[in-house]
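**Q** Fold the following.
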Amino acid sequence: MKRILLIAIAAMTFASCQNTTKTAGGNTKSGTTSVAEGTDPVAAADAAVMTFDNENYNFGKIAPGEKVHYSYNFKNTGKSPLIITNATATCGCTVPEIPKEPILPGASGSIKVVFDSNGKFGMQDKVITVTSNANPTVAELHLTGEIKEK
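**A** Numbering: from 1, shown residues only. Down below sits the predicted model:
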C-alpha cells in the first residue's frame, strides 16, 4: 500500500512539472522546463534595455571622511517600460537610490549613489548591482578611487 501511494505521489509530481502549450495547428505540445540554480532568467526580446552613459566612475583621490556623490545616467533603449526593482552595493558605505517610476522607451533616468569614505583607506572598488526587467536583468556599476591617508 505504501508503495502504491509513493508511486502515485511521484507520478503527480512529475505530471505537474510538465508544460502543455497549444501549437498553431491546435495540437498540444508537452515538455518540461527548468532553470538552472544560480542563473538569471533571460528577459524577452522586446524587453526594456538599460544603456548607461558610463558604468564605471573613478572619483580619483579623496581624503578620509569625504562623501562622493555620483549619478549613473542611463536610457531605456528597449521597447517596453523599464522598471528597476532593486539596487544593492557591496557594503553599507555605498548607498544607491533608484527611480521609483517606470522609465518609458526612449526616456532617460539616473541611479544616484553616495559613497562615504569614513573609515576607508587605499584603493576602493564598490560594485552596485542593479536588478530590473531589462535585458539583461542584472547590471553592475563600479565606483572606484583611492582614499589618501592623513
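**Q** show me what contacts the residue nearest the centre of the chain?
**A** The residue lying closest to the centre of the chain (Cα atoms, centre = their mean) is Thr131, at 2.2 Å. For Thr131, the contact set (Cβ atoms under 8 Å, 6 or more residues apart in numbering) comprises Ile84, Thr85, Asn86, Ala87, Thr137, Val138. Heads up, the C-betas are built off the backbone N, CA and C, glycines and all.
**Q** switch the cut-off to 6 Å
**A** Applying Cβ atoms under 6 Å, 6 or more residues apart in numbering, we find Thr131 in contact with Thr85, Asn86, Val138.
**Q** tell me the SS of it?
**A** Thr131 falls in the strand class when you classify it by DSSP: H, G, I helix; E, B strand; the rest coil.
**Q** Looking at the contacts of Thr131, which is nearest Gly92?
**A** Distance to Gly92, by Cβ to Cβ, is smallest for Asn86 among those, at 15.6 Å.
**Q** Count the residues that sit near the closest one.
**A** Neighbour count of Asn86, defined by other Cβ atoms under 10 Å: 11.
**Q** Shouldn't it be within a helix?
**A** No. Judged by three-state DSSP, Asn86 forms no part of a helix; its state is strand.
**Q** and the nearest residue to it once chain neighbours are set aside, bridged to which residues?
**A** Among residues not flanking Asn86 along the chain, Thr131 sits closest, at 4.4 Å (Cβ to Cβ, 6 or more residues apart in numbering). Beta-bridge pairing of Thr131 under DSSP bridges involves Asn86, Val138.
**Q** Tell me the pLDDT of Thr131.
**A** We have a pLDDT of 97 for Thr131.
**Q** mind checking how far it is from Met123?
**A** Distance, Thr131 to Met123, by Cβ to Cβ, to the nearest Å: 27 Å.
**Q** ranges for the strands of the protein?
**A** Along the chain, counting by DSSP state E, strands occupy 18-22, 28-32, 50-52, 56-62, 67-76, 84-89, 94-97, 108-116, 122-132, 138-147.
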